[in-house]
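Participant: following is a predicted model, sequence given first.
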Amino acid sequence: MIKEHYLTKDERLVIYQDTTKNCYTFDTLLLSYFTNIKKKTNKIVDLCSGNAPIAMLLAGQKKTGPIHIKAIEIQQEMAQLAQMSIDKNNLNDQVEMINADLIGINKQIGANMYDLVTCNPPYFKIDKHSNLNQTREVTIARHELLVNIEQIINEARILLNNQGSLVLVFRPERLDELIIVLNTHGLKLKRLQFVYPKDRANCNTILVEAKKGCETTHLEVLSPLYIYDQIGNYTKDALEIVEQ
């Protein structure tokens, strides 16, 4: 069932979602919060865009100067929902929805020209132990059925200009693999934050920024982020993310 939801607490952004299939999650808000939109950030690509919540949130972050975001989504129904939301929020001048496979998308939209690539990728590998979701749409969004992390990073490398950044939300248990793949494709890890459901719980999410064409290996590890306090309420930091 397709419904309207408010993507921001101030009701500034409306998003259309099919509640029986794949909807945006808190990880969406985390990725938007973690992403730095700088003065010189003008051209952005959002891979695995879904119904485009990241693209729309980022469009609202730039306070001065032009910004253009290409949102790439392989699933036609998700891309259609995204376009409905883009139209509803009058963001067509800033966000362009493209229904296409991200592998080789540089041939369509250009290479070595983007300041920033963002992605909330499928987290889980497909193997005999995979607990696949009930719908194909959710399985595609959460499991490496159509694309894997190395293919995403390789495409990001081709899209980015020199000194451009890739920002990801990912799983901590795959951090070692992620670093190896980033290095293999000429991207250096620059910023890292560990996210915890609550104090004294295991980390379940990481936020990562890597840079293309970076000679130094200095890594900034941010303070840990806790989502809930001990009685189940959002922490102060989490509230800032929800209310962004």
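Facilitator: Nice, I can see it. Numbering: from 1, shown residues only.

Participant: CA only for contacts and neighbour counts going forward, please
Facilitator: Noted.

Participant: bridge partners for Leu207, pull those for me.
Facilitator: Bridge pairing for Leu207 (DSSP bridges) gives the partners Val169, Gln193.

Participant: what is the neighbour count of it?
Facilitator: The tally of other residues near Leu207 (other C-alpha atoms under 10 Å) stands at 23.

Participant: where do the helices sit along the protein?
Facilitator: Here the chain has its helices, by DSSP state H, at 26-34, 53-59, 76-88, 106-109, 136-142, 149-159, 175-184, 236-242.

Participant: how about the longest one: buried residues?
Facilitator: Going back to what we said before, that points to helix 76-88. Met78, Ala79, Gln80, Leu81, Ala82, Gln83, Met84, Ser85, Ile86 (16 or more other C-alpha atoms under 10 Å).

Participant: can you redo those residues as TSV with distance to Thr35 and pLDDT?
Facilitator: As requested, those are exported to TSV (distance: C-alpha to C-alpha, whole Å; pLDDT from 0 to 100):
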residue	distance to Thr35	pLDDT
Met78	23	91
Ala79	22	94
Gln80	25	94
Leu81	24	93
Ala82	20	94
Gln83	23	96
Met84	24	94
Ser85	21	94
Ile86	20	96
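
Participant: ok, Cys119 to Glu11 distance?
Facilitator: Distance, Cys119 to Glu11, by C-alpha to C-alpha, to the nearest Å: 24 Å.

Participant: who touches stretch 221-231?
Facilitator: Contacts to stretch 221-231, defined as C-alpha atoms under 8 Å, 6 or more residues apart in numbering, come from residues 191-199, 234-235, 237-238.

Participant: among those, find the lowest-pLDDT one for me.
Facilitator: The weakest per-residue confidence within those falls on Asp199 (88).

Participant: any idea how far Asn112 is from Val167?
Facilitator: 16 Å.

Participant: more neighbours, those two?
Facilitator: Higher neighbour count among Asn112 and Val167: Val167, with 26 against 14, using other C-alpha under 10 Å.

Participant: so the more buried one sits right up against Gln193, yeah?
Facilitator: No - assessed by C-alpha atoms under 8 Å, Val167 is found out of contact with Gln193, at 11.5 Å.

Participant: between those two, which contacts overlap?
Facilitator: Taking C-alpha under 8 Å, 6+ apart as the contact rule, Val167 and Gln193 both touch Leu207, Val208.

Participant: and the end-to-end length of stretch 176-194?
Facilitator: Terminal residues of stretch 176-194 are spaced 14 Å apart (C-alpha to C-alpha).

Participant: cool, and stretch 193-207?
Facilitator: 5 Å.

Participant: any low-confidence regions in this structure?
Facilitator: 1, 62-65, 124-145, 216-217 (pLDDT under 70).

Participant: redo that, cut-off 90
Facilitator: By pLDDT under 90, the low-scoring segments of the chain are 1-13, 16-26, 36, 38-40, 60-66, 122-147, 199-200, 213-218, 230, 241-244.

Participant: excluding its backbone neighbours, what's nearest Tyr228?
Facilitator: Tyr234 (4.5 Å; C-alpha to C-alpha, 6 or more residues apart in numbering).

Participant: next one: Ile206
Facilitator: Spatially, and ignoring its direct neighbours in sequence, Ile206 is nearest to Phe194 (4.8 Å; C-alpha to C-alpha, 6+ apart).

Participant: ok, the one you found - contacts?
Facilitator: Taking C-alpha under 8 Å, 6+ apart, we find Phe194 in contact with Pro172, Cys203, Asn204, Thr205, Ile206, Leu207, Leu222, Ser223, Pro224, Leu225.
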